[in-house]
Structures are given as C-alpha cells and as structure tokens.
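K.L.:
missing the sequence, but the structure's below:
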C-alpha cells in the first residue's frame with residue numbers, strides 16, 4: 001500500500017494556484033538542507049521569516065495566499081520552479097553510483113534504524129553525534145542511490161534548547177515540535193487512512209502515528225505515540241529524546257524496534273538488511289524473527305539463525321556504561337507476554353541473549369549484547385574504536401584472543417555538501433565539478449592541488465568574516481535573552497576580529513571531553529590570546545546533559561573566565577549549540593580544537609566538517625584523528641597511549657597544547673609572504689582539504705558499508721532464507737550437536753618435523769564423533785612486532801583404522817615451533833565464527 005500524495009494531506013492549500021504542488025514538493029524534500037538551489041524562491045516569499053527559520057515548509061505554510069498567487073504569477077518565479085523540478089526528476093531517474101557499480105545486486109532495501117536523525121534544524125529530532133552520523137549517511141545514500149529507508153521516532157520536544165542565564169547557569173528549555181510546521185507528512189494508505197501501528201503494553205495497547213520525510217530520493221519513516229486513543233502516560237513516550245529513566249527508555253526502544261519493523265511491513269517494505277545504529281533499536285530483531293516464524297512455520301531459534309545474517313550492528317560506545325541496560329523486572333513488565341506468546345520461548349531463554357552470564361537471573365539486560373548476538377556483523381566507528389570495542393565485548397567470547405573478537409570498523413564520515421560554506425562550495429565546484437560527492441572521489445586531491453594559494457586564502461578570510469558577523473548577531477540575541485543591561489549589551493558589537501586567527505571548539509560539555517583543558521594555565525592562555533602582534537580568538541559552544549552538574553560547572557568556568565579577565569573580544573561562548581550553529585562554526589574556524597581523553601572518543605565528526613571549508617584540526621590522537629593525522633595535515637596531542645583520569649597527564653597535555661599554539665599554529669598563520677599569503681599555512685590547508693576531505697566523507701562511509709557489509713549481508717540472508725529456512729534449521733541442529741559434544745574434544749600427540757624453511761606441524765585429535773567437515777583445525781601464533789596473529793588452516797591426513805583425526809600444516813617461518821599451538825573451531829554452513837558460535841578448543 002502506498003502513501004497518498006502530499007497535496008491530499010492538508011486541505012487548506014490554494015488548489016487554484018497553478019504550480020503550488022511543485023512548490024510544496026520542493027519544500028517537503030529535505031534535499032534543500034544540502035542543496036540550496038531553491039533557497040531564493042522561499043526567501044522571496046517571506047524574506048524576514050526565511051532569515052529567522054531557513055525552513056521552506058514554515059515559509060510556505062505561513063505566507064498568505066495572495067502573496068503566493070502574486071509570486072506564482074511571475075514568469076521568472078515559475079520558470080525557476082520548473083527548472084528545479086526537471087533537475088529533481090532527472091536526478092531521481094538517472095543511474096547513481098549504486099546502480100552503475102552493482103547493477104545486478106540482489107539488494108533492494110536496507111532499513112536503517114536510529115534513535116535520532118540530524119537532517120536539519122527544521123526537524124529537531126537529534127541531540128548530537130549519533131544523529132549526525134545517521135542523518136549524514138542517509139543523505140549520502142540518497143546521493144549514491146543506495147536503497148536505504150530510515151526508521152526513527154518523532155519527538156514532541158526533541159532534545160533541549162540551551163539558555164545561559166545572568167548567573168552563567170545553563171537552563172534547559174523544551175519547545176513543542178508542532179508536526180504541522182515540520183517538513184513531514186502523515187503516512188496515509190491508498191484509502192486515505194492514516195497508518196497507525198499497534199503495540200501491546202501492560203493493560204492497554206499503544207497506538208503509534210506514522211510520518212514520512214522525503215530525503216532526496218530516499219524516505220525516513222517516523223513514529224510517535226501522541227495519539228488521542230492512547231492513555232496519557234503512553235502519549236508521552238515519544239515526548240523527549242533521551243528523556244526520563246530506564247522505564248521511559250525501554251518503552252521508546254520497543255516502539256522504535258518492534259514498532260519500526262511493523263511500520264515497514266504495513267507499507268510492504270521487506271528489507272534484506274537491517275542496520276542498527278547503536279543498540280537502541282535492537283528489539284527489531286525480535287519482531288523480524290517473529291514475522292519469519294509466522295511466514296515459514298519455524299521456531300524462534302531457527303528464524304534467528306536466518307535473519308541474523310541480514311542484521312548489522314554498529315556500536316558507537318567506548319565505555320561499558322554507555323550501553324543501555326534494563327533490569328529483569330522491566331523486561332518482564334514490557335516484554336514478558338510478547339516473548340512467551342509471540343516468540344514462543346521462555347523468558348530465561350530470551351534474557352540470555354542480553355546477558356554476559358546466561359545463568360545469572362539477577363543480571364540486567366544489555367541492549368548491545370542483544371544486538372551483537374542477533375547480528376551477522378558488528379562494527380565500530382573508527383579503527384581505534386573497533387579495537388576498543390573488541391575489548392568491551394571480549395567477555396562474550398571466552399578463550400578467544402581479543403583481536404579475534406568479531407568487531408570490525410567503518411570510520412564515520414560527514415556529508416560534505418551539508419557542511420560546506422557558499423564560497424567553499426563554489427571553489428570545490430570550480431575545481432572538481434558539481435557532482436563531485438556522488439562518485440568514487442578518486443580525483444579530488446588532484447583537483448584541489450590545482451587551486452591557487454590566493455583562492456584558498458580568500459576563502460578562509462571570507463569564511464572567517466562571515467563567522468564573526470554571525471557570532472556578533474547571535475551573541476547579542478543571547479545577551480538579550482539572559483536579561484543583561486543595555487551597557488553590557490554593547491559588548492556584542494565589539495567581540496572578535498575578522499583578521500584574527502580563529503579557533504573553534506564545540507562539544508558536549510562532559511568531563512571526558514576535557515573542554516576546559518585550555519584553562520589549565522590561565523595566565524599563559526591569556527598571553528596567547530592577547531598577543532598584540534599575533535592575537536588569537538576562540539569560539540566555544542556546547543551543551544551539558546540536563547542533569548549533569550559537572551558538565552554545567554565546566555560551562556560556568558568558561559564564562560566566568562571570560563568575564564573576570566575581560567576577554568570578550570577574544571573568547572565567546574555561544575549558547576544553544578545546534579546544527580545551524582555547527583554549520584557556521586565549522587565554516588568559519590581556522591583551527592578546530594578537540595581534547596577528549598583517549599580512547600573515549602569513539603570517532604568524533606565535528607573536526608571532519610571543517611575539512612571541506614579549509615579548516616585545520618588540532619586534536620587528541622583519538623577517534624578518527626588517530627588514523628587521519630600526519631604532520632602535513634594538522635597538529636596532534638597525545639602519545640597514542642591511555643592515561644585514564646591522571647591529572648598529571650592532563651597538565652602535560654595542556655602544556656603541549658599551549659606549546660603547539662605558541663610555536664606552530666600562531667607563527668604559521670601570521671608569517672606572510674610579500675602577497676600577504678601565509679604559505680606554510682596554505683600548504684597544510686591544501687593537504688588537509690585534498691587528502692582528508694574525500695577520506696572522511698560520508699560518501700566513502702556509505703560506499704564502504706555497502707560493499708563491506710550490506711551486499712554480503714543481503715546475499716547471506718537470501719541464501720539462508722531460501723527453501724523454507726532449510727539452512728537455518730541445519731545451523732540450529734549442528735550448533736546443538738557441537739555444543740553437546742565439544743567438551744569431549746581432546747588433542748593427543750604432536751610431531752614437529754623441521755626443514756630449511758621452517759617446519760611441518762602435525763597433531764592428532766579426538767573429535768568425539770563430530771563430523772570433521774563441521775570443524776576446522778588451525779595452527780595459531782600470537783602476532784609480534786605489531787603484526788597480526790598467524791592463523792594457518794591445518795589439512796587433514798588420512799590414517800585408516802584410527803579413531804583420532806590427523807592434521808598437518810607446513811609453516812614457513814623463522815619463529816620457534818613453541819610459538820604455535822593448534823586449536824579446533826566450528827566451521828559449518830558458512831556461519832561467522834566466533835560471532836555465531838564461540839566454541840573453541842585449544843591444544844594447550
């Protein structure tokens with residue numbers, strides 16, 4: 001069943017105005033959030049409202065019918081609409097990267113589930129990094145033609161808005177999101193019915209309203225519980241992003257996972273792949289398995305063996321406390337009946353999926369464990385975070401080396417067209433063409449190398465001036481809201497200087513981000529800022545979580561430092577950090593500063609956004625910067641080691657930060673040639689733009705997900721789901737058989753035969769009546785000198801009349817034979833080991 005046309009949703013549109021449908025279609029497609037070709041149209045309708053909101057949908061809904069009729073009667077206005085519609089239709093019908101690269105792919109749909117999506121400030125259903133990743137990947141999937149549908153929640157309030165009061169305290173405000181003013185439409189069926197999804201909760205059902213968002217050529221589907229048929233307590237489930245405690249969170253995650261899958265089923269979408277952006281949506285695997293059970297008349301266990309191959313779990317968490325946990329009582333309250341009646345399994349069997357120790361009835365249920373155990377692949381969001389995640393999940397794979405814990409990585413990237421400034425976009429277009437972010441990006445470094453020093457420096461100077469102008473206006477509004485005096489308000493007119501080296505710092509204000517590292521030696525920092533020949537200025541922004549008093553204290557410390565030292569001309573704290581402010585800061589900052597404790601930054605994407613605009617990073621060697629940094633593209637803090645909360649290490653790194661500013665950053669910026677160009681700065685800037693922008697673009701991220709995970713997952717799922725889940729049944733049977741016999745596996749004799757190139761390693765092993773075709777005997781040696789471990793598959797040797805199986809491996813090495821040991825691991829029906837079966841038997 002297909003949704004009805006958008007112009008049938010709202011009955012107040014002036015249907016008699018020719019072309020209004022096209023204008024509505026442009027306003028409701030969030031492609032305008034990264035392609036600004038239609039901006040001029042909506043600005044003409046209401047210039048003042050446009051400047052305040054930058055939201056075409058609000059402008060279109062607010063403007064009078066007379067004004068609409070007047071503008072639509074102008075030939076130039078209508079011609080522009082027609083031109084944009086033709087371009088839109090051409091883009092939608094043309095073969096994009098995916099269709100060109102994988103024309104015969106079996107992959108038709110990827111369902112991307114996320115608790116938040118950052119697409120635009122016009123749709124405030126995000127808080128930060130997780131939503132940023134989801135939104136940017138959705139946009140890039142649209143550019144590349146990758147068949148993704150997004151699934152999320154529509155929040156009545158979303159994340160909080162930040163206000164700083166006269167006492168420098170952070171206040172949290174929660175404006176109501178009026179769905180009629182958001183660029184969304186109700187999801188209606190062909191017969192006009194508003195699609196509502198039913199979820200059974202204790203005592204009463206919860207009805208979920210459904211919405212759709214057009215994101216380029218893709219759709220994002222949203223659910224909310226603010227339905228009049230619901231009890232008041234249930235209407236508020238989707239009131240606030242990350243609001244409330246565990247009781248509220250489990251309800252939101254049930255709606256996202258189970259409700260999201262039911263939404264897709266109701267509109268006829270059957271994804272081969274489900275991508276869980278963090279563990280919040282992991283309950284979707286239950287409903288996916290339940291559907292498969294009903295369709296194929298199989299058990300939950302057999303259904304899970306099939307559908308897990310089509311599930312991908314991306315973890316963004318760097319510490320165990322970051323995972324969602326729910327106590328057994330909450331799990332029983334909200335899921336007990338569903339587990340027993342729909343999944344047809346006992347609660348203890350289900351709870352084992354989310355526990356480290358399946359037999360500990362008091363252990364809470366970990367959503368990340370559920371996601372991992374029900375997925376065919378798992379990845380972290382940077383190279384370093386992949387390794388950190390292997391440590392986090394090691395307890396689920398006892399006796400396996402940490403390097404073999406099944407967590408890979410795809411480093412995040414950002415959607416460059418969403419974050420580039422107007423002048424940066426113009427420069428990139430001249431150098432690399434307007435379709436530069438829709439292909440493989442191979443030529444971009446060479447394209448940027450052709451730009452002159454003058455062009456690059458002019459871009460930086462224009463962008464910095466724009467940022468200063470915006471900061472002054474925003475700071476003035478900020479002071480007015482806080483209630484300062486007229487004299488104090490004058491400060492806003494004189495803050496910052498468009499010619500001064502400008503640092504940007506915008507993060508969540510939490511202790512592990514160390515946002516106050518620059519304040520470690522106030523006198524030294526003030527000297528850097530106020531140097532008369534070579535001054536420095538800093539723009540800061542960020543929110544502390546609403547109930548985090550330590551984070552709020554960090555914000556107060558910065559504001560008091562500015563006020564007590566009269567540094568308003570050099571430092572500005574801009575409140576209410578959102579997507580619009582982010583755009584301005586990453587476009588105008590010369591240097592982006594980031595100071596987290598390693599390895600607590602899973603990836604970090606704010607520094608990636610400055611790349612396309614010619615900004616340069618000065619960051620801790622953590623997250624993405626640990627793999628991006630080289631001296632030719634930026635500056636680095638840290639020694640690649642972990643130091644915990646050591647205050648002495650904080651002092652050392654603060655000293656290093658000051659020294660980098662004093663001896664490298666400031667001199668490189670202010671040392672100019674006879675043409676007024678800082679040649680050393682421009683060289684670093686050019687390298688950063690050319691080498692890093694393509695590499696840390698969401699274009700690369702989505703292509704990597706597609707080829708590394710989506711395509712294999714789709715193929716694996718379709719293979720397992722064929723023939724009424726025959727493979728799934730075999731997997732379950734073999735898994736049970738191996739589990740019952742594994743303890744009886746025993747190694748016997750070992751024989752080592754040395755030769756010139758190394759040695760032959762032979763072992764005999766008693767397999768306890770396990771079919772040798774269902775296991776693999778391997779020779780293993782730990783990695784040395786930062787090289788990976790050696791894993792050599794041992795070949796079976798026939799010896800008649802023996803109960804034991806004999807295996808041998810030829811080893812070419814200079815290492816000692818004692819460095820190697822044999823082991824037996826499961827190996828059947830293409831399962832992923834140890835992800836799907838973690839059994840292992842070591843020789844010693």
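P.N.:
Perfect, thanks for sending it. Source: prediction; values computed, not measured.

K.L.:
going forward, measure contacts and count neighbours with C-alpha atoms only.
P.N.:
Will do.

K.L.:
residue ranges for the strands of the stretch 151-300 of the chain, please.
P.N.:
For the stretch 151-300 of the chain, strands defined by DSSP state E, counting those that start in this stretch occupy the ranges 161-164, 170-173, 185-186, 196-200, 205-215, 218-224, 273-277.

K.L.:
in what helix or strand does the residue nearest in space to the middle of the chain lie?
P.N.:
Central residue of the chain (CA atoms, centre = their mean): residue 133, 3.0 Å from the mean position. Applying DSSP states H and E as the criterion places residue 133 in helix 129-144.

K.L.:
What is the distance between that helix and the centre of its chain?
P.N.:
8 Å (CA atoms, centre = their mean, to the nearest Å).

K.L.:
Could you do stretch 624-640 as well?
P.N.:
In terms of CA atoms, centre = their mean, the centre of stretch 624-640 is found 21 Å from the chain centre.

K.L.:
That one: which residues count as buried?
P.N.:
By neighbour count on 16 or more other CA atoms under 10 Å, the buried set for stretch 624-640 is 624-626, 628-629, 633-638.

K.L.:
burial measure for the spatially closest residue to residue 162 that is not a sequence neighbour, as a count.
P.N.:
Excluding the flanking residues, the one nearest residue 162 by CA to CA, 6 or more residues apart in numbering is residue 576, at 4.4 Å. Other residues within reach of residue 576, judged by other CA atoms under 10 Å, total 21.

K.L.:
And residue 576, how close does it get to residue 183?
P.N.:
Per CA to CA, to the nearest Å, residue 576 is found 22 Å from residue 183.

K.L.:
Kindly report the same for residue 611.
P.N.:
Distance of residue 611 to residue 183, computed by CA to CA: 29 Å.

K.L.:
Compare the two and say which one has the larger neighbour count.
P.N.:
More neighbours surround residue 611 than the other of residue 611 and residue 183, with 31 against 20 (other CA under 10 Å).

K.L.:
contacting residues around that one?
P.N.:
Counting by CA atoms under 8 Å, 6 or more residues apart in numbering, residue 611 touches 688-689, 692-693.

K.L.:
Next one: it from residue 569, what distance?
P.N.:
Distance from residue 611 to residue 569, by CA to CA: 26 Å.

K.L.:
element containing residue 465?
P.N.:
Here residue 465 is assigned to helix 453-482, by DSSP H and E.

K.L.:
Oops, could you answer that again for residue 307 instead?
P.N.:
helix 300-307.

K.L.:
Not counting sequence-adjacent ones, nearest residue to residue 43?
P.N.:
residue 50 (5.4 Å).

K.L.:
Which positions within the helix or strand hosting the one you found qualify as buried?
P.N.:
For residue 50, the element it lies in under DSSP H and E is helix 47-53. For helix 47-53, burial by neighbour count (16+ other CA under 10 Å) applies to 49-50.

K.L.:
now swap in stretch 21-41 and tell me
P.N.:
21-34, 38-39, 41.

K.L.:
Now do the same for that stretch: mean pLDDT, whole number.
P.N.:
Stretch 21-41 carries an average pLDDT of 90.

K.L.:
do the same with stretch 708-720
P.N.:
For stretch 708-720, the mean per-residue pLDDT is 97.

K.L.:
can you list contacts of the helix or strand bottoming out on mean pLDDT in the chain?
P.N.:
Across the helices and strands of the chain, mean confidence by mean pLDDT, DSSP states H and E is lowest for helix 486-489: a mean of 79. Helix 486-489 has contacts (CA under 8 Å, 6+ apart) with 476, 479-480.

K.L.:
show me what contacts residue 804?
P.N.:
Residues in contact with residue 804 (CA under 8 Å, 6+ apart) are 764-767.

K.L.:
and what of residue 447?
P.N.:
431-432, 690.

K.L.:
What of residue 438?
P.N.:
Residues near residue 438 by CA under 8 Å, 6+ apart: 96-97, 140, 143-144, 699.

K.L.:
rewinding a little: now the contacts of residue 804 as CSV including neighbour count and pLDDT?
P.N.:
Below are those laid out as CSV (neighbours: other CA atoms under 10 Å; pLDDT from 0 to 100):
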residue, neighbour count, pLDDT
764, 19, 95
765, 21, 95
766, 16, 96
767, 20, 95
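
K.L.:
Could you name the helices and strands sitting against the helix holding residue 133?
P.N.:
With contacts taken as 3 or more CA pairs under 8 Å, 6 or more residues apart in numbering; DSSP states H and E, helix 129-144 sits against strand 148-153, strand 205-215, strand 218-224, helix 698-705.

K.L.:
tilt between that helix and strand 273-277?
P.N.:
Going by axes from the mean of the first three to the mean of the last three CA atoms, to 10 degrees, helix 129-144 is angled at 140 degrees with respect to strand 273-277.

K.L.:
who's in contact with helix 129-144?
P.N.:
Residues contacting helix 129-144 (CA under 8 Å, 6+ apart): 96-98, 114-119, 126, 147-148, 150, 215-218, 277, 316, 412-415, 418, 437-439, 604-605, 698-699, 701-702.

K.L.:
change it to 7 Å
P.N.:
With contact meaning CA atoms under 7 Å, 6 or more residues apart in numbering, helix 129-144 is reached by 96-98, 114, 116-119, 148, 215-218, 414-415, 438, 698-699, 702.

K.L.:
Which positions in that helix come out as buried?
P.N.:
129-144.

K.L.:
min pLDDT across the residues you listed, which one?
P.N.:
Comparing these by pLDDT, residue 129 comes last, at 89.

K.L.:
Could you list the low-pLDDT ranges of the stretch 51-200 of the chain?
P.N.:
Along the stretch 51-200 of the chain, the model assigns pLDDT under 70 to no residue.

K.L.:
Which parts of it are helices?
P.N.:
Ranges of helices in the stretch 51-200 of the chain, per DSSP state H, counting those that start in this stretch, are 56-62, 65-72, 75-93, 97-101, 129-144.

K.L.:
JSON lines please, covering the ones you listed and showing distance to residue 360.
P.N.:
Shown next, in JSON lines, are these (distance: least, CA to CA, whole Å):
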{"stretch": "helix 56-62", "distance to residue 360": "53"}
{"stretch": "helix 65-72", "distance to residue 360": "66"}
{"stretch": "helix 75-93", "distance to residue 360": "53"}
{"stretch": "helix 97-101", "distance to residue 360": "46"}
{"stretch": "helix 129-144", "distance to residue 360": "32"}
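
K.L.:
same question for the one helix or strand residue 370 maps to, mean pLDDT?
P.N.:
In this assignment (DSSP H and E), residue 370 forms part of helix 367-373. Averaged across helix 367-373, the pLDDT comes to 98.

K.L.:
Tell me the helix or strand right after it.
P.N.:
Helix 367-373 is succeeded, C-terminally, by strand 377-380 (DSSP H and E).
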